[in-house]
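[1] Just to be clear, the model below is a prediction. Sequence and coordinates:
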Amino acid sequence: MPANLPPPYFEAEKRYREAKTPEDKIEALEEMLTIMPKHKGTDKLRADLRRKIAKFKSQAQQKKGGGKQSTAYQIDKEGAAQVVVVGAPNTGKSSLVGTLSNAQPEVADFPHSTWKPTPGMVPYENIQFQFIDTPPVNRTYVDPWMADLIRRSDLILLLVDLQADPLGQLQETLDVLAQLRIYPDGCPVPQDLPKRPFIKKTLVAVNKVDSQHDLEDFQAFVELAECPLPCVPISTRTGFGLHDLLDRTFEACNIIRVYTKAPGKEPDRTAPFVLPRKSTLQDLAEKIHKDFVHKLKFARIWGTEVFDGQMVQKDYVLQDGDVVEIRI
């Protein structure tokens, strides 16, 4: 039996997907439960909503209670991807995160002004990335929780200062990451490691490229570094290269945006589903709701690889920007 869910249900579902706190998620889920019609076709969906409400109420209670205190490095992922900004002292990590996002990390001319990680949401077209400013890394000491934060991230943004020995900063940061068994994807990994390495997608951003002369110095840096990682010139002072940095971030995170629509309606392009590249229609169905996987018959697709409204099956590989009309 079809669920026949009314439009207000999908509006509440959108608020649930966009909610940042357990309390906001609970509020949206309870609204969905109230709106949903009661019949056999919605029994499983109602049970699933109740399980989610119970889970988030448990999370909210744990935060209010006096349980084990979490560290500043335990930052929940938000947005399309979590990007951890790492680098030596005074490379401009705080300035970068502050310029791109709504965060307000402490910015100072002296080193080590950042003593705890600070997240900020960075808008990019119709999605957001979570950038995290972190304490500077050096060979002397790295907080063990820092290693965990970097390992759990979706992307490492390695920042160096063009005006202050960028080659030395790059090598030192790579050495510190290696001590933590973290290796950028594309860099060599020792064969005799006692434990498994963590291979992470990594971008190198070269800050303080403030003039044409600096851009020439950046090109020299790239040639001398012989770095296998993509390098992006930027300036947090002038804003140069910041849009390109976000374009490269989107590419490096290997994700796509997919939009859904109801028959006869226009898609909401402000709230895409974000999926790993090469995801299929079945993956999208699972992300929307697990019951959709079994009920999915086919879908109509509007996109670059199909003609408008083309009928596709579960194994269709989605492309960035596809509009999907699911039929169950």
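    Received it, and whenever you're ready, just let me know what you need.
[2] and the longest helix seen in the chain, what does it pack onto?
    With secondary structure taken from DSSP state H, the chain has its longest helix at helix 43-64. Using 3 or more C-beta pairs under 8 Å, 6 or more residues apart in numbering; DSSP states H and E, the elements in contact with helix 43-64 are helix 22-35, helix 290-295. Using the backbone N, CA and C atoms, a C-beta is placed for each residue, glycine as well.
[3] Going by neighbour count, list what's buried in it.
    45, 46, 49, 52, 53, 56 (16 or more other C-beta atoms under 10 Å).
[4] What mean pLDDT does that helix get?
    Here helix 43-64 scores 77 as its mean pLDDT.
[5] Touching it from outside, list them.
    With contacts defined as C-beta atoms under 8 Å, 6 or more residues apart in numbering, helix 43-64 is touched by 3, 21-23, 25-26, 29-30, 32-33, 36, 38, 289-291.
[6] Which among these count as buried?
    Those of these that meet the buried threshold are 3, 22, 25, 26, 29, 32, 33, 36, 291, by 16+ other C-beta under 10 Å.
[7] For the protein, give me the ranges with low pLDDT.
    Within the chain, the stretches with pLDDT under 70 are 1-3, 61-70, 103-115, 293.
[8] And the furthest pair within the buried ones among the contacts of helix 43-64?
    3 and 22 (25.4 Å; C-beta to C-beta).
[9] tell me the centre residue of the chain?
    Nearest to the mean C-alpha position of the chain, by C-alpha atoms, centre = their mean, lies residue 81 at 0.4 Å.
[10] ok, now which ones touch that residue?
    Contacts of residue 81 (C-beta under 8 Å, 6+ apart): 129, 130, 154, 155, 249, 253, 255.
[11] Sitting in strands, which of the residues you listed do you find?
    Among the contacts of residue 81, the members found in strands (DSSP state E) are 129, 130, 155, 255.
[12] Include neighbour count when you put the residues you listed into TSV, please.
    Formatted as TSV, the ones in strands among the contacts of residue 81 follow (neighbours: other C-beta atoms under 10 Å):
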residue	neighbour count
129	24
130	22
155	22
255	18
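[13] In the record's domain split, what are the boundaries for this protein?
    As assigned by automatic domain parsing, the chain contains the domains 1-68, 82-253, 258-328.
[14] Please tabulate those domains in JSON lines, including the columns distance to residue 76.
    Output for the domains of the chain, formatted as JSON lines (distance: least, C-beta to C-beta, whole Å):
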{"stretch": "domain 1-68", "distance to residue 76": "9"}
{"stretch": "domain 82-253", "distance to residue 76": "9"}
{"stretch": "domain 258-328", "distance to residue 76": "16"}
